[in-house]
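*Asks:* Here's a sequence, model it:
(one chain, ligands or ions: 3)
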Amino acid sequence: VRTLATPVRSNHYAKLTPADVGEFCKMLSGPSSVLTTIQPEGADPSFRTVDPSELDTFNHDWMNKYHGKSQLVLKPKTTEEVSKIMRYCNEKNLAVVPQGGNTGLVGGGVPVFDEVIVTLAGLNKIRSFDEVAGTLVCDAGCVLEALDNHVAEKGYMMPLDLGAKGSCHIGGNVATNAGGLRYLRYGSLHGNVLGLEVVLPDGRILENLSTLRKDNTGFDLKQLFIGSEGTIGLITGVSIITPRRSSAMNVAVFALETYEDVQKVFTQVKTHCGEILSAFEFFDQESFDVVQKHATAHVRDPFEARHPFYVLIETSGSNKDHDDEKLQVLLEDLMESGLISDGVLAQDETQVQALWSLRESVPEAAGKMGKVFKYDLSMPVSKMYDLVRDMRKRFEDHSIYSRDFDQGKPVGAVCGYGHIGDGNLHINIVANSYDPEVEKVIEPFIYEWTSNVKGSISAEHGLGLMKAQKIGYSKDPTSIEFMKKIKDLFDPKKILNPYKYIQV
Ligand code: FAD
Ligand code: MLT
Ligand code: ZN
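*Replies:* Residues are numbered from 1 along each chain as shown. Ligands and ions are numbered 1, 2, ... in the order given. Purely as a prediction, here's the structure:
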């Protein structure tokens, strides 16, 4: 069986013993906090080990691309328990992988070998919410959607939204510096996170759960943990600013014939509705086809014919009449100028969801169709679609790509979609299997192409295991040297999330 390249296990890390597992049982409250296939030394007679298959959901990632072989999952319920775990692992040289909702797309949240998995799912309490300032303080294991529902009751919303909202944790979002669908309006977590509580690799607790918006006292250490992908500390608490929830929302999807028109529409939309614009997303016909054929839930096609490109725009404001009027003028302008061939405007909340699902279903539908090679790139908007076209051409040239999904032959799709308003392109290449021969057609071509246009090889998904060796395409040697020094400073024994992130 041919598999994608993986690193070799380092002997630097100790192997788990029954005595170690016994110690973890003592330090964590309740038997359900330790899931293991190893009989712990000195454990309560009622303790039950589990079948290895019960650890599968922790060992395998969302795409079923990365598979670890951990024999131990720890489920602490408090920051102090996380601290005890880390102190012990640091002393014993046991490698640890922090895990949130396990929805990451670069293999960062699952073990590579036998690392101890520490899931933050048990830390799931809301600590406080300030209804005047809109500041939320919560445990890192809170699910993003649950937080959004909680603050919605008070008229607020989370400043980020992702297709994975029903499973991903706020701690995982911070650890990956997730972007998502509201980034255009509310910006990066580097701006929205006000404070963090972090357990360092040696067990010390960095208490920085500030709710202040402004604080210029020294280095802003929390920024180092935002996007650090579990390599320098475990985030246990998050303080975050939540914006007021808009009372008026509109969603429209337009069909277009050329990529040039997509760019012109973006400019027009900003001209007419810039101050109320909250999302500008795009997806191509191939993405649309994949959703129509493979999405688990039926996603209704609101158009009479297929078109090469689609854009979704969302506006959010406080005055429905004002926003409707603006959208009306925009629509007339776009129709008159011939930039759009067709368009639909949601009339109620159900239609809002239905239009969003045309875009949000792409990753899930691609995963249903086959094995997905995912790329997440930043680059000038004008260049983006050239890369999608070049990639399709490469697949045709190598005869492993066929647009005909139904023939039972080598199936494939090259889907181009993403957060065009943020200059973020996603390319999902669907194949029959995670075949290294397919990967060779894509890489390093895709990274070189991106680097040549001064783009980033990871716009929002992170580096994880997938791109641990690739950072050099987007960062200069001096930056990488200082990143490694930061890793050494926080985690001199390199026990946190080994083999990932920066391994050049
Ligand atoms: P995990 O997958 O569990 O972990 C991700 C990384 O963070 C790992 O390296 C892990 O070790 C680390 N980590 C997790 N929790 C902690 C913690 N508490 N402390 C320290 N380290 C931790 N991403 C985007 O940016 N934008 C999108 O629009 C987007 N949409 C998505 C849609 C779908 C359907 C899916 C499946 C994923 C999507 N993602 C998107 C990927 C994104 O990275 C994750 O969804 C999310 O941010 C990860 O959160 P998680 O809790 O699942 O983390
Ligand atoms: C998205 O924008 O849909 C996400 O980043 C997930 C993905 O691309 O798979
Ligand atoms: Zn995305």
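
*Asks:* any idea what sits nearest the closest residue to ligand 2 within the stretch 1-150 of the chain, other than its immediate chain neighbours?
*Replies:* Nearest residue of the stretch 1-150 of the chain to ligand 2 (Cβ to the nearest ligand atom) works out as residue 105 at 5.6 Å. C-beta coordinates here come from the backbone N, C-alpha and C atoms, glycine included. Take residue 105 and drop its neighbours on the chain: the residue closest to it by Cβ to Cβ, 6 or more residues apart in numbering is residue 461, 4.7 Å away.

*Asks:* helix, strand or coil for that neighbour?
*Replies:* Judged by DSSP: H, G, I helix; E, B strand; the rest coil, the three-state class of residue 461 is coil.

*Asks:* so how far is residue 43 from it?
*Replies:* Separation of residue 461 from residue 43 (Cβ to Cβ, to the nearest Å): 39 Å.

*Asks:* which one of those two has more residues nearby?
*Replies:* Just comparing residue 461 and residue 43: by other Cβ atoms under 10 Å the higher neighbour count belongs to residue 461, 23 against 19.

*Asks:* Touching, the more buried one and residue 104? I think so.
*Replies:* Yes. With contact defined as Cβ atoms under 8 Å, residue 461 reaches residue 104; the gap is 7.2 Å.

*Asks:* Now list whatever residues contact both of these two.
*Replies:* residue 176 (Cβ atoms under 8 Å, 6 or more residues apart in numbering).

*Asks:* OK, contacts around the residue in the stretch 51-200 of the chain that ligand 1 sits nearest to?
*Replies:* Among all residues of the stretch 51-200 of the chain, residue 172 sits closest to ligand 1, at 2.0 Å; criterion: Cβ to the nearest ligand atom. Applying Cβ under 8 Å, 6+ apart, we find residue 172 in contact with 100-101, 103-104, 109, 120, 140, 178.

*Asks:* Which residues are in contact with residue 192?
*Replies:* Residue 192 makes contact with 159-160, 186, 240-241, according to Cβ under 8 Å, 6+ apart.

*Asks:* Please repeat the previous calculation with a cut-off of 7 Å.
*Replies:* Residue 192 is in contact with 159, 186, 240-241, counting by Cβ atoms under 7 Å, 6 or more residues apart in numbering.

*Asks:* Including pLDDT, could the residues you listed go into JSON lines?
*Replies:* Output for those, formatted as JSON lines (pLDDT from 0 to 100):
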{"residue": "159", "pLDDT": "98"}
{"residue": "186", "pLDDT": "97"}
{"residue": "240", "pLDDT": "98"}
{"residue": "241", "pLDDT": "98"}
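
*Asks:* So of these, which two are at opposite extremes in space?
*Replies:* Greatest spacing in those, by Cβ to Cβ: 186 and 240 (10.7 Å).

*Asks:* Looking at those two, which is more packed in?
*Replies:* Counted by other Cβ under 10 Å, residue 186 and residue 240 do not tie: residue 240 has more neighbours, with 24 against 19.

*Asks:* Report whether the helix or strand containing that one contacts ligand 1.
*Replies:* Take DSSP states H and E as the rule and residue 240 turns out to sit in strand 234-241. Yes. Contact of strand 234-241 with ligand 1 is found when judged by Cβ under 6 Å from any ligand atom, involving 234-235.

*Asks:* Buried residues, that strand. List them.
*Replies:* Neighbour counts over strand 234-241 (16 or more other Cβ atoms under 10 Å) mark 234-241 as buried.

*Asks:* Next: stretch 212-226.
*Replies:* Buried residues in stretch 212-226, counting neighbours by 16+ other Cβ under 10 Å, are found at 222, 224-226.

*Asks:* quick one on the thing from earlier: could you pick out which of the contacts of residue 172 are near ligand 1?
*Replies:* Filtering these for proximity to ligand 1 by Cβ under 6 Å from any ligand atom leaves 100-101, 103-104, 109, 120, 140, 178.
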